[in-house]
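Asks: Mind looking at a prediction? Sequence and model below.
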Amino acid sequence: MPRYIAALDQGTTSSRCMIFNHGGEVVAHHQLEHQQIYPQAGWVEHDALEIWDRARDVVRSAMEKAGLIAADIAAVGVTNQRETTLVWDKKTGQPYANAIVWQDTRTDKICNQLAQNGGQDRFRAQTGLPLATYFSGPKIKWLFDNVSGLRDAAERGDALFGTMDSWIIWKLTGGPGAGAVHVTDVTNASRTLLMNLQTLDWDEEILAELDIPRSMLPRIRPSSDPKFYGLTRADGPFGGEIPVCGALGDQQAATVGQTCFAVGEAKNTYGTGCFLLLNTGTDIVHSQHGLLTTLCYQFGKQKPVYALEGSIAIAGALVQWLRDRMRLINTAADVENLAKMVDDNGGMYFVPAFSGLFAPYWRSEARGLVIGMTRFITRGHFARAALEAVAYQTREVVDAMAADSGVELKALKVDGGMTANELLMQIQADVLGVPVIRPKVAESTALGAAYAAGLAVGYWKNPEDLRKNWGVDKTWQPSADDTLRTRNYRMWKKAVSRTFDWLE
Ligand SMILES: Nc1ncnc2c1ncn2[C@@H]1O[C@H](COP(=O)(O)OP(=O)(O)O)[C@@H](O)[C@H]1O
Ligand SMILES: O=P(O)(O)OC[C@H](O)CO
């Protein structure tokens, strides 16, 4: 058996390749950012060809850094930003348009029209999701309505739809005309608003309602597949044929990477957005409090495991915005020192409803606000309020989770790029009133994809084998002062309520 497993993590901000050993340790890593494209207020796009270039480069660089060849890699796992929607020409490999990113709100009208008959929860029983701009189905419909010739191409069988997992796997295994595989896994499919949670197949009724031909959709496969999705191309970035046999949406991958295999285990990932997933086992639990029901993972022929999810659209993206658009900081890490210049938020709250509000509100007409401003406010308060916004949004999701599942969190397992921010981690523990635990490998997303691929080829035997790799790096205990927990949280909720109904 070759010595390592490779994971390709195609995130909202960047793509990275990580190579892991049997102990779940990173032996090589390379990461590259790609461009964020904002053509209009509320729109966010990615150039899928640029993403593929970055993906190829990070694989090559990671392999080179560790001096590896394809024969050293037992299997490849792919994980990705979810929902981001791409349609491309299967003959040429050219996208018909830029990918529409999950944060993009252009499908607001489509969602409202669909909701006129049956309300926002019209497809919730089948899909576990509310009608919202977040998900892929309405984005495909928007492309059909706005890209000339696309519907004809789809009906001829020339146009393929995929989220980033499908695109990357299609490119890795062949690209145009070379027998590439067009697949997705159950977790990614569960974010399209087109997959039925019970049957794990595309839902005919919803496809008919959105007028989406089944022929353009990828085949839905388990997250860890001993039959392999396909083999990497010999002349591709890995430089040889390796089974591609693991795929998970990035948040589900982080849940696997954190080894949340038991019912009631949860993790929160702080990246561009912030996503808390609670394993609910093989039962489908429908939320009464604004959470999503989603696939957590499916290993081979085993029964699928489901999760409740609290999705927050803007977390690290707020720090990026302070850096790139407001030029308040030079690097994302600078936000911590700037926030440390003040003792508290000075009465200021920052609700980053840049893409409307996701869980638990699902209000696409909300927009961001800063409130509580006085002449006392400094740049430091902006930084502090931005970090608090991430912690308060998480608290709202944790409260909804407890109301839905009856599970009271005893501690929160965290991961993702923002967990490097120690002040944020302390604020989070204070706001929740429970310890916050960061594992040794904070790159849980890539690790989860590696686990899925490694399980498929027998590199790891079973989930219990993986638990041994999990260990604590650092724990933050909540402070005794409950000001943040009670009074300020109440003020936060008041601030949130002021964002509602902003768009007309
Ligand atoms: N030290 C830090 N403090 C605050 N935010 C940070 C810090 N380091 C990274 N970030 C934010 O975390 C995000 C990157 O995390 P990552 O897990 O790589 O995200 P993604 O998978 O969404 O691309 C960026 O939005 C960045 O602004
Ligand atoms: O790229 P991330 O880590 O912000 O994750 C994005 C989510 O998958 C969107 O649902």
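Replies: It's in. Ligands and ions are numbered 1, 2, ... in the order given.
Asks: From now on I want contacts and neighbour counts done on CA atoms only, so please keep to that.
Replies: OK.
Asks: Contact distance from ligand 1 - what residues of this protein qualify?
Replies: Contacts of the chain with ligand 1, taken as C-alpha under 6 Å from any ligand atom, map to 11-14, 271-272, 316-317, 319-320, 332-333, 335, 416-418, 420-421.
Asks: Can you flag which of these belong to strands?
Replies: Counted as lying in strands by DSSP state E, out of the residues of the chain next to ligand 1, are Ser14.
Asks: ok, and which of the residues of the chain next to ligand 1 reach ligand 2?
Replies: Near ligand 2, judged by C-alpha under 6 Å from any ligand atom, the entries from the residues of the chain next to ligand 1 are Gly11, Thr12, Gly271, Thr272.
Asks: Can you pull the poorly scored residue ranges out of the chain?
Replies: Of all residues in the chain, those with pLDDT under 70 make up the ranges 177.
Asks: Let's see that with 80 instead.
Replies: Residue ranges of the chain with pLDDT under 80: 1-2, 175-179, 407, 442, 480-481, 483-485.
Asks: Distance from the longest helix that it contains to the middle of the chain?
Replies: Among the elements of the chain assigned as helix by DSSP state H, the one spanning the most residues is helix 379-405. Computed by C-alpha atoms, centre = their mean, to the nearest Å, the chain-centroid distance of helix 379-405 equals 18 Å.
Asks: Do that helix and ligand 2 come into contact?
Replies: No. Helix 379-405 stays clear of ligand 2 (C-alpha under 6 Å from any ligand atom), getting no nearer than 13.0 Å.
Asks: List the buried residues in stretch 15-31.
Replies: When neighbours are counted by 16 or more other C-alpha atoms under 10 Å, the buried residues of stretch 15-31 are found to be 15-22, 24, 26-31.
Asks: wait, stretch 364-374
Replies: Ser364, Glu365, Ala366, Arg367, Gly368.
Asks: Mind checking which of the residues of the chain next to ligand 1 are buried?
Replies: Members of the residues of the chain next to ligand 1 classed as buried by 16+ other C-alpha under 10 Å are 11-14, 271-272, 316-317, 319-320, 332, 335, 416, 418, 421.
Asks: Select, from these, the two members most distant in space.
Replies: Gly11 and Val335 (21.4 Å; C-alpha to C-alpha).
Asks: So the residue sitting furthest away from the middle of the chain, which state does it fall into?
Replies: Outermost residue of the chain with respect to the C-alpha centroid, by C-alpha atoms, centre = their mean, is Arg375; its distance is 38.0 Å. When classified by DSSP: H, G, I helix; E, B strand; the rest coil, Arg375 comes out as coil.
Asks: can you pull the contacts of it?
Replies: Listed by C-alpha atoms under 8 Å, 6 or more residues apart in numbering, Arg375 has no contact partners.
Asks: And it, how far from ligand 2?
Replies: Distance, Arg375 to ligand 2, using C-alpha to the nearest ligand atom, to the nearest Å: 34 Å.
Asks: and Gly157, how many neighbours does it have?
Replies: Look at Gly157: counted by other C-alpha atoms under 10 Å, it has 15 neighbours.
Asks: related to what we said a few turns ago, widest-spaced pair of the buried residues of stretch 15-31?
Replies: The widest separation within the buried residues of stretch 15-31, taken as C-alpha to C-alpha, falls between Ser15 and His22 and amounts to 22.7 Å.
Asks: which secondary structure element contains Gly347?
Replies: In the assignment (DSSP states H and E), Gly347 maps to no helix and no strand.
Asks: For burial, what's the neighbour tally of it?
Replies: When neighbours are counted by other C-alpha under 10 Å, Gly347 registers 15.
Asks: Just give the closest residue to it, not the sequence neighbours.
Replies: Excluding its sequence neighbours, the residue lying closest to Gly347 (C-alpha to C-alpha, 6 or more residues apart in numbering) is Gly372, at 5.6 Å.
Asks: That neighbour contacts Asn345, correct?
Replies: No. Between Gly372 and Asn345 there is no contact under C-alpha atoms under 8 Å: 9.6 Å.
Asks: and Leu114, what does it touch?
Replies: Leu131.
Asks: so is it in a helix, a strand, or just coil?
Replies: Classified using three-state DSSP, Leu114 is helix.
Asks: Look up how far ligand 2 lies from it.
Replies: The spacing between Leu114 and ligand 2, counted by C-alpha to the nearest ligand atom, is 21 Å.
Asks: can you map out the helices along the stretch 201-350 of the chain?
Replies: For the stretch 201-350 of the chain, applying DSSP state H, counting those that start in this stretch gives helices covering 204-210, 250-257, 316-324, 334-340.
Asks: excluding its backbone neighbours, what's nearest whichever residue of the stretch 1-150 of the chain sits closest to ligand 1?
Replies: Distances between the stretch 1-150 of the chain and ligand 1 by C-alpha to the nearest ligand atom are smallest at Thr13, namely 3.7 Å. Leaving aside its sequence neighbours, Thr13 sits nearest to Glu33 (C-alpha to C-alpha, 6+ apart; 5.8 Å).
Asks: What residues are bridge-paired with the one you found?
Replies: Beta-bridge pairing for Glu33 (DSSP bridges): Ser14.
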